[in-house]
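>>> The sequence and its predicted three-dimensional model are supplied below.
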Amino acid sequence: QVQLVESGGGLVQPGGSLRLSCAASGLIFSFYDVGWYRQAPGKQRELVAVIGSYGSTNYADSVKGRFTISRDNANNTVYLQMNSLKPEDTAVYYCNSKREIAGLDYWGQGTQVTVSS
């Protein structure tokens, strides 16, 4: 059974930092592209950052220079380091693991990030 478990969310003041983790089980993580998505109240889910199985990365324009995605395949974990957080970063953050060639697509349950003073 495949599971993705996000952690590391919470309440932080503007300008602060958080590090999200996505721990995977039941799959060979290194074969998958992994993305972080977020969904704010009343808005559609949007891609924040993605890291390919070979380590290539891509970011939404709104987080470039502030967020960094990385992966530790030995520990089946992907991280999202979020710095210089803004109130507009407030959302539920979801981890997604995808292997398109095999038609496999998995989601975590999400972790809340709230940026507020």
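That came in fine, so what should we check first?

>>> Below-threshold pLDDT in this protein: ranges please.
Counting by pLDDT under 70, the chain contains no low-confidence segment.

>>> centroid residue for it?
With distances taken as C-alpha atoms, centre = their mean, the residue of the chain nearest its centroid is W36 (2.7 Å).

>>> and the gap between that residue and Q1?
Per C-beta to C-beta, to the nearest Å, W36 is found 22 Å from Q1. Yep, even glycine has a C-beta here, placed from its N, CA and C like the rest.

>>> before we move on, what about G103?
For G103 relative to Q1 (C-beta to C-beta), the value is 18 Å.

>>> how far out from the middle of the chain is whichever strand or helix holds the residue nearest to the centre of the chain?
Assessed by DSSP states H and E, W36 sits inside strand 33-39. Centroid separation for strand 33-39 versus its chain: 4 Å, with C-alpha atoms, centre = their mean, to the nearest Å.

>>> Just the buried positions in that strand, please.
D33, V34, G35, W36, Y37, R38 (16 or more other C-beta atoms under 10 Å).

>>> Doesn't P14 lie inside a strand?
No - assigned with DSSP: H, G, I helix; E, B strand; the rest coil, P14 falls outside any strand and is coil.

>>> wait, what's in contact with V48?
By C-beta atoms under 8 Å, 6 or more residues apart in numbering, V48 lies in contact with G35, W36, Y37, R38, Y59, A60, V63, F67, L80, Y93.
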